[in-house]
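J.: using only what follows, build the 3D model:
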Amino acid sequence: MTTLLQINTSIYNGNGQSSQLARQFVAAYRNSHPDVEVRVRDVAAGTSVPHLDAERFGAFIAKPEDRSAAQQAVVEYSDTLIDELKRADVIVLGLPMYNFGVPSQLKAYFDHIARAGVTFKYTDQGPVGLLTGKKVYVFAARGGVYAGTPLDTQTSYVRDFLRFIGIDDVTFVYAEGLARGADFRQAGIASAVAEIEKIAA
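T.: So this is what the prediction gives:
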């Protein structure tokens, strides 16, 4: 059985365009892979992933036997997020662009899953990612048109982070120009949907 983890990061929850595209892909993927088990993690809805601070970082680096009860709770929360990733064969990421970058909630999520000795390790040759053998699909929704330009800081950042934890099979699907008028919006979404139909088979 294949396990798929859908990660939504839009502040509009399931109504965000990136979340809708991710959901369309998951529905199409289900059709061609009926045995798939789908799990959903929304990092921006309700109790969103807390942003990293000194207290939470201290919990990550403390020795297990020295952790306070509060620190143990922080680590267990991180362990839950990491366990979801470990179990997933396919990861679907809905990615809106906010002010030329990724949502801060996604950065907070990344901060909670990047843990030395757990999702990556340091070696004499540099860091080595430990979450290997996974496929990631990223559905990036933008108000402007940025793909392939210096203003697209999202693509390189997400690729670099995922590679850091061992995931290098990443496909991006872009829906761009969504804030440039009805025609641009329609064309941007149509392009993304057409790509979904190709890659979900």
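
J.: and Leu106, what is it in contact with?
T.: 9, 43, 95 (C-beta atoms under 8 Å, 6 or more residues apart in numbering). Just so you know, the C-beta spots here come from the backbone N, C-alpha and C atoms, and that holds for glycine as well.

J.: and it, what helix or strand is that in?
T.: helix 104-113 (DSSP states H and E).

J.: and the helix or strand following that helix, what does it pack against?
T.: Remark: after helix 104-113, the chain's next helix or strand is strand 120-123, criterion DSSP H and E. Applying 3 or more C-beta pairs under 8 Å, 6 or more residues apart in numbering; DSSP states H and E, one finds that strand 120-123 contacts strand 126-129.

J.: for the strand it packs on, list every residue counted as buried.
T.: Within strand 126-129, the residues that count as buried by 16 or more other C-beta atoms under 10 Å are Gly129.

J.: what packs against the next helix or strand after it?
T.: On the C-terminal side of strand 126-129, the nearest following helix or strand under DSSP H and E is strand 135-141. Where contact means 3+ C-beta pairs under 8 Å, 6+ apart, strand 135-141 is packed against helix 17-32, strand 90-96, helix 153-164, strand 169-175, helix 182-199.

J.: of those, which is nearest Arg56?
T.: helix 153-164 (18.1 Å; C-beta to C-beta).

J.: ok now the closest one, how far from the chain's centre?
T.: The chain centroid and the centroid of helix 153-164 are separated by 10 Å under C-alpha atoms, centre = their mean, to the nearest Å.
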